[in-house]
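K.L.:
my questions concern the predicted model and sequence given below.
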Amino acid sequence: MEIRNLKNSNIEELLSVFNRSFSDYIVPFHLSLEQLELKIELEKIDMNLSVGVFESDKLEGFILQAWKEENGQHLIYNAGTGITPEYRGKGLVRKMYDFILPVLEEKKADILTLEVIERNHPAIRAYENLGFKITRKLLCFNGIIELKEKNTDVSIEEMDSFQWKVFEPFWDIKPSWQNSSAILTDREKKYKILGAYKHQQLVGYAVYNPSARKVCQIAVDKNYRRQGIGTELFRIIEKLCGGQAVSVNNVDDSSENISAFLEKRIGLKNWLSQFEMNKEI
């Protein structure tokens, strides 16, 4: 058995192992080759920092990882850990982390971060044994958008680029890794950036991923809330998704206002909850 990084990995072999690993997961899911390639691109996964377990040169497990700098710290994100059913119970996740940690320390990494489903108690215990600690709870919403009243005083326009200096003061909560500005930046063509204007002033925005039908970010200026601005942003998203279900993932559960808005105003359901877990290096 050999552990090495995935820089020379075969994407089709990785796809096969990924799907086998998650076929009996708490929430089973299956990716196409295109979806896996998009995941690697959008989440900025670095194969040099990702790890695989090989038996006779055949991949049997992996940790996909990405890197970003935020507030002067270097963060490493576990974008997915999978072990094929035949190789579970052998401590391979710990062995992969033991292999890659010296590499991450050389790169001056400060924090390892990941998300795990709230009900996945064995995985939570395993990560806690590796030194990870729960830092917050994240809620995932999906469903068909159902809107009623319309605010004709608000105009929604598509924007060409992210304007983080304008957007960030609108935030109540810090976006999770996949939805963070560092990950979205330089990917403008993959998203619809919608600006909400009132009296020609930008008072809210949303970032929507059409290929995944996922809302990555949505926020409204604190001085303009409860005026239907968020609803009007979702009205455009409803048109963009063609009436199909959309998702809003990893909403910090400390923001009761956003949760209530998504459920009561937009008609989405909190179908899954996750824990964000961090480990300082």
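P.N.:
Received it, and whenever you're ready, just let me know what you need.
K.L.:
partner strands of the helix or strand where Ile156 lies, parallel or antiparallel?
P.N.:
Using DSSP states H and E, Ile156 falls within strand 155-159. Next to strand 155-159 in the sheet, as set by DSSP bridges, lie strand 192-198 (antiparallel).
K.L.:
can you pull the buried residues of whichever helix or strand comes after the strand it pairs with?
P.N.:
Next along the chain after strand 192-198, taking DSSP H and E as the criterion, comes strand 201-209. Residues of strand 201-209 classed as buried: 202-209 (neighbour count, 16 or more other CB atoms under 10 Å). Bear in mind the C-beta positions are built from the backbone N, C-alpha and C, glycine included.
K.L.:
mind listing what the closest residue to Val251 other than its chain neighbours touches?
P.N.:
The shortest distance from Val251 to any non-neighbouring residue, by CB to CB, 6 or more residues apart in numbering, is to Leu139 (4.7 Å). Leu139 makes contacts with 250-253, 259, 270, 272-274, as judged by CB atoms under 8 Å, 6 or more residues apart in numbering.
K.L.:
list the contacts of the residue nearest the centre of the chain.
P.N.:
Among the residues of the chain, Gln178 comes closest to the average C-alpha position under CA atoms, centre = their mean, at 3.1 Å. Shown in contact with Gln178 (CB under 8 Å, 6+ apart): 42-43, 216, 249-250.
K.L.:
ok, the residues you listed vs Tyr25, which is closest?
P.N.:
Asn249 (16.1 Å; CB to CB).
K.L.:
quick check: that closest one touching Cys140?
P.N.:
Yes: in this structure, Asn249 is within contact of Cys140 by CB atoms under 8 Å, at 4.6 Å.
K.L.:
just give me the neighbour total for Glu188.
P.N.:
If you count neighbours by other CB atoms under 10 Å, Glu188 ends up with 14.
K.L.:
looking at it now. What's its pLDDT?
P.N.:
pLDDT, Glu188: 91.
K.L.:
list the residues that contact it.
P.N.:
160-162.
K.L.:
measure it to Asn209 for me?
P.N.:
12 Å (CB to CB, to the nearest Å).
K.L.:
quick one, helices of the stretch 51-200 of the chain?
P.N.:
With DSSP state H, counting those that start in this stretch applied, the stretch 51-200 of the chain shows helices at 92-106, 121-129, 164-167, 181-184, listed in chain order.
K.L.:
which of the helices and strands in the chain ranks last by mean pLDDT?
P.N.:
Among the helices and strands of the chain, helix 256-260 carries the lowest confidence by mean pLDDT, DSSP states H and E, at a mean of 90.
K.L.:
buried sites along it?
P.N.:
Neighbour-count burial for helix 256-260, with 16+ other CB under 10 Å as criterion, is recorded at 258-259.
K.L.:
that one: how far from the chain's middle?
P.N.:
19 Å (CA atoms, centre = their mean, to the nearest Å).
K.L.:
and the residue nearest to the centre of the chain, what's its pLDDT?
P.N.:
Gln178 carries a pLDDT value of 92.
K.L.:
equivalent analysis for the one 4 residues further on, please.
P.N.:
Model confidence at Ala182, expressed as pLDDT, equals 92.
K.L.:
on that earlier part again, out of the contacts of Glu188, which is most surrounded?
P.N.:
Within the contacts of Glu188, Phe162 tops the neighbour count with 19 neighbours, counted by other CB under 10 Å.
K.L.:
most packed of the helices of the stretch 51-200 of the chain?
P.N.:
helix 181-184 (a mean of 18; mean count of other CB atoms under 10 Å).
K.L.:
that older thread, ok, the contacts of Gln178 vs Tyr77, which is closest?
P.N.:
Lowest distance from Tyr77 to those (CB to CB) belongs to Glu43, with 7.4 Å.
K.L.:
how is this protein partitioned into domains?
P.N.:
2-109, 142-271 (automatic domain parsing).
K.L.:
for Phe132, which of these is the nearest?
P.N.:
domain 2-109 (9.3 Å).
K.L.:
gap between the two ends of the closest one?
P.N.:
End-to-end span of domain 2-109 (CA to CA, to the nearest Å): 24 Å.
K.L.:
stretch 205-220 now?
P.N.:
7 Å.
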